[in-house]
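Undergrad: pasted the sequence and its predicted model underneath.
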Amino acid sequence: MGQDLVAIGFAVVLIGFILIIAGALLSGGAKNTKVAVGGFIGPIPFGFANDPKMLKVIMIITITFFALFLIVPLITRYFK
């Protein structure tokens, strides 16, 4: 069972990379491309973007997920 999940996860990631590469090659060199990346280093959310509006959006999303990360264990503890 564990081997099957690893294979499925690897296939999904590989298909994702293929789709990203195909989209980049077929986009025709769009000049107004906006990019934003967010994540966590430990408990601290971070974000990078080439547009201030996109940075605000990605920071709101990462802070929301951080809040959910803190709140969900408390909620599940009381509703067992």
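TA: Okay, I see it. The shown structure was predicted, so the numbers you read here are calculated from the model rather than taken from an experiment.

Undergrad: buried sites along the biggest helix by length in the chain?
TA: Longest helix of the chain, by residue count under DSSP state H: helix 52-78. Using 16 or more other CB atoms under 10 Å as the test for burial, helix 52-78 gives Met54, Leu55, Ile58, Met59, Thr62. Glycine gets a C-beta too; all of them are placed from N, C-alpha and C.

Undergrad: output the contacting helices and strands for that helix.
TA: strand 36-41, strand 44-49 (3 or more CB pairs under 8 Å, 6 or more residues apart in numbering; DSSP states H and E).

Undergrad: contacts for the first one, please.
TA: Looking back up the chat, that one is strand 36-41. With CB atoms under 8 Å, 6 or more residues apart in numbering as the test, strand 36-41 has contacts from 45-51, 54-55, 57-59, 61-62, 66.

Undergrad: quick check, nearest of these to Phe17?
TA: Closest approach to Phe17 among the contacts of strand 36-41 (CB to CB): Phe48, at 20.1 Å.

Undergrad: is the closest one bridged to anything, and to what?
TA: Beta-bridge partners for Phe48, by DSSP bridges, are Val37.

Undergrad: let's number from 40 now, not from 1
TA: With 40 as the first residue, the last one maps to Phe87.
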